[in-house]
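K.L.:
This is a predicted model, with the sequence first.
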Amino acid sequence: MKVHKEEFSNSQRAEVLTQALPYIKRYVGETVVIKYGGNAMESEELKKQVMHDMVLLWLIGVKVVLVHGGGPDVSKAMEQLGKKAQFIDGLRVTDKETMDIAQMVLAGKINKTLVNMLEAQGGKAMGISGMDGRLIEAKIKDPKLGYVGEITKINIDPVKDLLEKGYIPVVSTIGCDSEGNAYNINGDTAAAYIAGALGAKRLIMMTNVDGVLRDQHDKDSLITDISISEAEELKKEGIISGGMIPKVDCCIKAIKSGVRRVVIINGMIDHSILMELLTDEGVGTMVKGDE
């Protein structure tokens, strides 16, 4: 993937930096949780750019927490091991062997790769899974899905400890129960719970669409901000539909848990995180409480 580069005059560069200053002041010392996964992780060049932007935020004093998925990589690993991926209502059917593969890929390969990339960009990162310190406690969501977990409790201290020591926590969404079973946890759901437990100023949900569109076939119909009650109405009207429903539900869960703002952005857009946090225009759809 080729990243488009534009030429800027010195005055244009100065304007960008001037515009960013009040936003930098707003976020210094605040916690921002970023949910990263799916198609935004497919391009190595784009992945490096996302890690670069996270390190930039960290360097200016933002407490960055990265929560990641990696479903396509799990499916790829299953194929290589001769196992076919099965889904019910968008959730992966996870038997014991599949759970072992998911844990190996998510808590191992992907997690440590992202940590390494953040460190290579000049950051200070530490990778953990939801099993470490019992960060994510879970139970079986539905017996027909196997080891797919429903979150029962978040023990946020491991993440807080890493933030206090100056690290960027990188969290893979593998949960556990009191009997030692591991569970595959939906990444958006885990990010919402973790952001809520941290009282984060902002949760950014990176996906492969621009946000909530009033017309799915018209990118110019982007709805830039919605309240919880407006989101419920848009679901009734069928404007929020399909895969966007669980994503918006996670946003609402995060707001009700104490997150001040949640934004759904297109992770395929260059520097979308910085555009959202540090510019007047922002990107994507912001979900907020009924104020």
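P.N.:
Received it, and whenever you're ready, just let me know what you need.
K.L.:
Every contact and neighbour count from this point should use C-alpha atoms.
P.N.:
Fine.
K.L.:
The residue nearest to residue 168 when sequence neighbours are not counted: neighbour count?
P.N.:
Nearest residue to residue 168, sequence neighbours excluded (C-alpha to C-alpha, 6 or more residues apart in numbering): residue 125, at 4.4 Å. The tally of other residues near residue 125 (other C-alpha atoms under 10 Å) stands at 24.
K.L.:
From residue 18, how far out is residue 125?
P.N.:
29 Å (C-alpha to C-alpha, to the nearest Å).
K.L.:
In contact with the residue nearest to residue 168: list those residues for me.
P.N.:
Taking C-alpha atoms under 8 Å, 6 or more residues apart in numbering, we find residue 125 in contact with 115, 116, 118, 119, 167, 168, 169, 170.
K.L.:
Which of the three states applies to the residue nearest to the spatial centre of the chain?
P.N.:
Centroid-nearest residue in the chain, with C-alpha atoms, centre = their mean: residue 35, separated by 0.6 Å. Following DSSP: H, G, I helix; E, B strand; the rest coil, the label given to residue 35 is strand.
K.L.:
what about the helices in the protein?
P.N.:
10-27, 44-59, 71-80, 96-103, 111-120, 157-164, 187-198, 228-236, 244-256, 272-278 (DSSP state H).
K.L.:
Next one: residue 23, what pLDDT does it get?
P.N.:
Turning to residue 23, the model gives it a pLDDT of 85.
K.L.:
Would you confirm that it contacts residue 277?
P.N.:
Yes. Between residue 23 and residue 277 there is a contact at 6.9 Å, judged by C-alpha atoms under 8 Å.
K.L.:
More neighbours: the two, which one.
P.N.:
residue 277 (21 against 14).
K.L.:
Identify the residues contacting the more buried one.
P.N.:
Per C-alpha under 8 Å, 6+ apart, neighbours of residue 277: residue 23.
K.L.:
That one and residue 242, how far apart?
P.N.:
Taking C-alpha to C-alpha, one finds residue 277 at 27 Å from residue 242.
K.L.:
Quick one: residues contacting residue 273.
P.N.:
50, 53, 204, 265, 267.
K.L.:
same thing with residue 247?
P.N.:
residue 188.
K.L.:
hmm, back to that, deepest of the helices of the chain, which one?
P.N.:
With neighbours taken as mean count of other C-alpha atoms under 10 Å, these reach their highest mean count in helix 187-198, at a mean of 25.
K.L.:
tell me the angle that one makes with helix 71-80.
P.N.:
If you take axes from the mean of the first three to the mean of the last three C-alpha atoms, to 10 degrees, helix 187-198 sits at 140 degrees to helix 71-80.
K.L.:
Contacts for helix 187-198 next, please.
P.N.:
31-35, 67-69, 136, 151, 154, 156, 160, 173, 202-203, 205, 247, 250-251, 253-259.
K.L.:
Tell me how many other residues surround residue 165.
P.N.:
9.
K.L.:
So what does it look like in phi/psi?
P.N.:
The phi and psi torsions at residue 165 (degrees, to the nearest 10) take the values phi -90, psi 10.
K.L.:
Quick check, pLDDT for it.
P.N.:
97.
K.L.:
and residue 265, what are its bridge partners?
P.N.:
residue 206 (DSSP bridges).
K.L.:
That one is in contact with residue 210, isn't it?
P.N.:
Yes. With contact defined as C-alpha under 8 Å, residue 265 and residue 210 form a contacting pair (5.6 Å).
K.L.:
quick revisit: out of the contacts of residue 273, show me where the pLDDT dips lowest.
P.N.:
residue 267 (84).
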